[in-house]
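In: dropping the sequence and predicted coords here.
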Amino acid sequence: MKLNCDMGESLGAWTMGNDAQIMPYIDMANIACGFHASDPDIMSDTVALAKQHGVSIGAHPGYADLQGFGRRSIFHTSAQITHLMLYQVGALQGICKLHHVNVDYIKPHGALYNDMMKDVELFKGVIEAAKQLQLPVMILATDNLDYLHIAQQANVPLIHEGFVDRRYTNDKQLAARTAKGAVIESLDDVKSQALSLIRGAMFNSIDNVSIQVEADTLCIHGDGGDALVFTQHLRKLIDEHAT
């Protein structure tokens, strides 16, 4: 089980998250590519930090929505999503060349991530970009056989992701941030959900319905006030249950 975190989401003089403190504890860094957050200097600093700690680098592209931090849906056709992905991942690949490292995977951000899990045409747009770049895509762990088939046909590996600081709906989607209790703020609750995901065990949805999610990696959001403490405990939990 790998631990991933959204990183490099500062912008200019404005700081988001605790990247320098969190990076030593994670395995995979999803680095913002300038459309929902970040800028060329932040991208370069974050790539350098990931390289320093031996952390795998993922591109974290989203909608062009700096004001809304990429959390607002913006209509795109499937082809436009492909172009959006190629543009942003290409920018991060350029920065990575400077530091002699590679982009290892793609994880769409925010509203785009949620939208692609509900709209197969958007998902196809993401997969087409990944096919051209020959990169895996990190998606919400799903039982959707259509999605698995689309990725397989394009020869794009999928990395199935589980969330430890967000509640799920009964159909294994993420509960909207606006829903009461959708963001998990208790360390005990974060650890409990993480342990269930590590073991492939049942846990409760936001409506207290038992669900099971099979994940390859766990996501912790780096912008929460307790993100560093959560990440430290998650690192210990994953290491204790490593096989």
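Out: That came through, no problem. Residues are numbered from 1 along each chain as shown.

In: what about the helices in this structure?
Out: Assigned helices in the chain, in chain order: 19-22, 40-52, 78-98, 110-116, 120-133, 145-153, 187-199, 227-240 (criterion: DSSP state H).

In: and the shortest one, which residues are buried?
Out: Of the residues in helix 19-22, Asp19, Ile22 count as buried by neighbour count, 16 or more other Cβ atoms under 10 Å. Just so you know, the C-beta spots here come from the backbone N, C-alpha and C atoms, and that holds for glycine as well.

In: helices or strands up against it?
Out: Here helix 19-22 touches strand 2-7, helix 40-52, helix 227-240, going by 3 or more Cβ pairs under 8 Å, 6 or more residues apart in numbering; DSSP states H and E.

In: from the contact counts, what lies against the shortest one?
Out: This points to strand 2-7. helix 19-22, strand 28-32, helix 40-52, strand 56-60, strand 217-220, helix 227-240.

In: distance to Asn170 and mean pLDDT for the ones you listed - can I get that in CSV?
Out: Below are the helices and strands packed on strand 2-7 laid out as CSV (distance: least, Cβ to Cβ, whole Å; pLDDT from 0 to 100):
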stretch, distance to Asn170, mean pLDDT
helix 19-22, 31, 96
strand 28-32, 27, 98
helix 40-52, 36, 98
strand 56-60, 28, 98
strand 217-220, 20, 96
helix 227-240, 25, 95
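
In: how about the closest residue to Asp146 other than its chain neighbours, what does it touch?
Out: Spatially, and ignoring its direct neighbours in sequence, Asp146 is nearest to Val120 (6.4 Å; Cβ to Cβ, 6 or more residues apart in numbering). Val120 sits next to Asp146, Tyr147, Ile150 when contact means Cβ atoms under 8 Å, 6 or more residues apart in numbering.

In: buried only: go through the residues you listed for me.
Out: Buried members of these, counted by 16+ other Cβ under 10 Å: Tyr147, Ile150.

In: ok, so of the contacts of Val120, who is nearest Ile22?
Out: Tyr147 (29.7 Å; Cβ to Cβ).

In: and the contacts of Val120, which is closest to Asp189?
Out: Tyr147 (28.5 Å).

In: was I right about that closest one contacting Ala141?
Out: No - Tyr147 is beyond contact range of Ala141, at 10.8 Å (criterion: Cβ atoms under 8 Å).

In: quick one on the thing from earlier: for Met116, find the nearest of the helices and strands packed on helix 19-22.
Out: strand 2-7 (16.1 Å).

In: just to revisit the earlier point, Asp104: which of the helices and strands packed on strand 2-7 is closest?
Out: Asp104 lies closest to strand 56-60 among the helices and strands packed on strand 2-7, at 4.7 Å (Cβ to Cβ).

In: that closest one vs helix 120-133, what angle?
Out: Calculated by axes from the mean of the first three to the mean of the last three Cα atoms, to 10 degrees, strand 56-60 forms an angle of 130 degrees with helix 120-133.

In: so what does strand 56-60 touch, helix or strand wise?
Out: strand 2-7, strand 28-32, helix 40-52, helix 78-98, strand 105-106.

In: next one, pLDDT for the residue nearest in space to the middle of the chain please.
Out: Residue closest to the average C-alpha location in the chain (Cα atoms, centre = their mean): Lys107, at 5.1 Å. Here the pLDDT value assigned to Lys107 is 98.

In: which residue, other than its chain neighbours, is closest to it?
Out: Met138 (3.8 Å).

In: Phe69 now?
Out: Closest residue to Phe69 apart from its sequence neighbours, by Cβ to Cβ, 6+ apart: His36 at 5.7 Å.
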